[in-house]
Structure formats: C-alpha cells, structure tokens
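> Just need the structure, nothing else, for what follows:
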Amino acid sequence: MKEKFYKYIQELQDRITSKLEETDGKAKFQEDLWERAEGGGGRTRVVENGNVFEKGGVNISAVHGPLAPAMQKYFKVGDVDFFACGLSLVLHPKNPMVPTVHANWRYFEMYDKEGNTIDQWFGGGQDLTPYYLFEEDAAHFHRISKQACDKHNPDFYEVYKQKCDEYFWNSHRDEARGIGGLFFDYCKANEEMSIENWYDFVTEVGDSFLEAYVPIVEKRKDLEYTKAQRDWQEIRRGRYVEFNLVHDKGTLFGLKTNGRIESILMSLPPHVQWVYDHHPEPGSEEEKLLKVLKQPKNWV
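You can find the predicted model right below:
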C-alpha cells in the first residue's frame, strides 16, 4: 500500500502544480529535492511572487525510521519503526478576495522491530480560509467535497465536515481558522472499509481538489481591492500563523520527528500583521466574516 499511495501523490503533485502554474500565468514552481538523515526524503515545490499566488507550496515526502520518543508517547507505543508519506499544500493568493487553501493527504504505518506491520491508516482533508466571504464560493468548495465523500459513504461528509470545524479551531481566539471543508484521520480497516477502500476514498478527495478550488480563484483573482482590504488580509493571516504554530498536529509532528524545517514552515504567509486589539467596523464585510468564523455553518 505504501508504494501505491506514494506513486499516487507523486502524480497528484505533478497534476496540481501544472494546473496552478497555468492559473497563475507567471510564476513557476521551484523544485527542491531533500533527504532526511534518519531515512527518506521529499520533493518540495514552492511558488512565490506570481500574478495570483504570493506564496505557496505543494510538497510530498516519504520518511521512515525509528519513531521519536515524543511520538511514541503521543501514539502510546513502545520502541517501534514507522513509515509516513503524504502530500501537503498551502496557497496564499495575493488578492484578498481569493481565499487561502490548505490540503493534505497522508498514509502512516508502524512496525515492530521484526518488521511486522502493527498499525496503518490514512488521513487528510482540504479546507478553505477566505478573507472576504463569498457564500457561493464556500458552497462550491463544500459541494465538491461532499460529492467526493458521497461516492464512498453518504455519512462521510457530515462527519468529516464537523471534524474539520472542530480541528481548525483557534481555541485561544474562540474562532475558526476558515470556513472548513473536510478533515479525517486514523482511517483504518474495519468491517465496512478495507484499507483498499480507504485508499479509494482518500484519492477521490485528492482528485477533487482542483475542481473545488481553481474555479474560485478564476472568479476572484482579478477583482479590485484597497489597501485597507489588503491590511485585513494580513491581519487574518496572523490568525492562520497562530493556528499552525500552536495547534496544528502536522506541524508539530514534523518538528518532533526532525522533519525538514523549510518544508514544514512553508505554510506560513510572507506578509502578516498583528494589530493590537483590532476589531472590524460593525456591519462591515470584515465583521460578516468573523460572525461565520465564530459560529461555523452548513454550506450544502
């Protein structure tokens, strides 16, 4: 399974970066191949200063070796080995009318010291972080995500949409990072879903990403915006940074397993503001967004 999924994310990375370059019209992804001393490595692709994308990355990795003590404690296991591979992407558009997007699809295995597999699972998801709320965009992103889920189980969308709302919650701010999407983890073989079934589901979601996001970018990338709206985007990006550094499990996993720091922190936007005790004007578009972030809603 690990070879099969790694081959899939290699192909998906090619497909996504090619389409995003076409959408941007200027910037090209720079590729960086790297190796991890303990085992494995990855292929990082970063885009900067484009017509559309101010910064972004579409990264794949496959790492393996002894599980670090901090992660042994987290998973409640002893001295075991692991293999993990996945694709992780974050895109920060220049225009504040275009939302930031994040997605991740991953596979994990653990082995005893004899090399026997003792656990395996899939995880992942995709979520949208707008700076100005266009409700039809939110509905589109969620509708495509739901269609991918419905092909495998009619209950998946509601379950994983709720998990996304719960996971991407900045508890110290009492607000969501964005308007959600899907989040799933520890998807293991059971009576209803084999590990092959989970592979089919996760790749279905991965294949849906471009359809979920690119039409939104095309619709909003040429809209005019003011300096005040750009300032608001940078203030909200600060909340994005806070979540990634304080709460995000993927970031913490990478930092605790001697991951490649440049790839881990690729998700951080290039221009951010922290304004003391900032509050938007009552009745403004900015306040409209905050109300939704305080109380996640159903979009489909």
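> Can you name the residues that contact residue 177?
127, 129, 168-170, 239-240, 243, 293 (C-beta atoms under 8 Å, 6 or more residues apart in numbering). The way it works is simple: take the backbone N, C-alpha and C, and place the C-beta from them, glycine included.
> Dump the lowest-mean-pLDDT helix or strand in the chain to CSV, keeping only the CA atoms.
Within the chain, no helix or strand scores below helix 249-256, which has a mean of 80 by mean pLDDT, DSSP states H and E. Taking Å, rounded to 0.1, in the frame of the first residue of the first chain, the C-alpha atoms of helix 249-256 are listed here in CSV:
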residue,chain,number,x,y,z
LYS,A,249,-0.6,18.4,14.6
GLY,A,250,1.1,18.1,11.2
THR,A,251,3.5,21.0,12.0
LEU,A,252,4.2,19.6,15.5
PHE,A,253,4.8,16.1,14.1
GLY,A,254,7.3,17.4,11.6
LEU,A,255,9.1,19.4,14.2
LYS,A,256,9.3,16.5,16.6
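> what's next to it, contact-wise?
Contact with helix 249-256 is made by 68, 70-71, 88, 104, 244-245, 259-261, 263-265, 267, as judged by C-beta under 8 Å, 6+ apart.
> dump the residue contacts of the closest residue to residue 257 other than its chain neighbours.
Spatial nearest neighbour of residue 257, chain neighbours left out: residue 68 (5.1 Å); criterion: C-beta to C-beta, 6 or more residues apart in numbering. By C-beta under 8 Å, 6+ apart, the residues touching residue 68 are 256-258.
> Most neighbours among those residues, which one is it?
residue 257 (19 neighbours; other C-beta atoms under 10 Å).
> Now do the same contact list for that residue.
Neighbouring residues of residue 257 by C-beta under 8 Å, 6+ apart: 63, 67-68, 71.
> From residue 80, how far out is it?
As judged by C-beta to C-beta, to the nearest Å, residue 257 and residue 80 stand 13 Å apart.
> who touches both of these two?
In contact with both residue 257 and residue 80: residue 67, using C-beta under 8 Å, 6+ apart.
> Doesn't residue 125 belong to a strand?
Yes - under DSSP: H, G, I helix; E, B strand; the rest coil, residue 125 falls within a strand.
> Thought residue 180 was touching it, still the case?
No - counting by C-beta atoms under 8 Å, residue 125 sits too far from residue 180 to count as a contact (9.3 Å).
> Name the residue in those two with the higher neighbour count.
A count of neighbours by other C-beta under 10 Å puts residue 180 above the other of residue 125 and residue 180, at 32 against 24.
> residue contacts, residue 61?
Residues in contact with residue 61 (C-beta under 8 Å, 6+ apart) are 40-43, 84-86, 88, 259-260, 263.
> Please point out which parts of the least confident helix or strand of the chain sit buried.
Applying a neighbour-count criterion of 16 or more other C-beta atoms under 10 Å, one finds 250-254 buried in helix 249-256.
> repeat for stretch 267-285
Going by neighbour count (16+ other C-beta under 10 Å), the buried part of stretch 267-285 is 267-269, 272.
> would CSV of the residues you listed with secondary structure and distance to residue 1 be doable?
Below are the buried residues of stretch 267-285 laid out as CSV (DSSP: H, G, I helix; E, B strand; the rest coil; distance: C-beta to C-beta, whole Å):
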residue, secondary structure, distance to residue 1
267, helix, 27
268, coil, 32
269, coil, 34
272, coil, 39
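> Report the distance from whichever strand or helix holds residue 56 to the chain centre.
Per DSSP states H and E, residue 56 falls inside strand 53-66. Relative to the centre of its chain, strand 53-66 is centred 11 Å away, using C-alpha atoms, centre = their mean, to the nearest Å.
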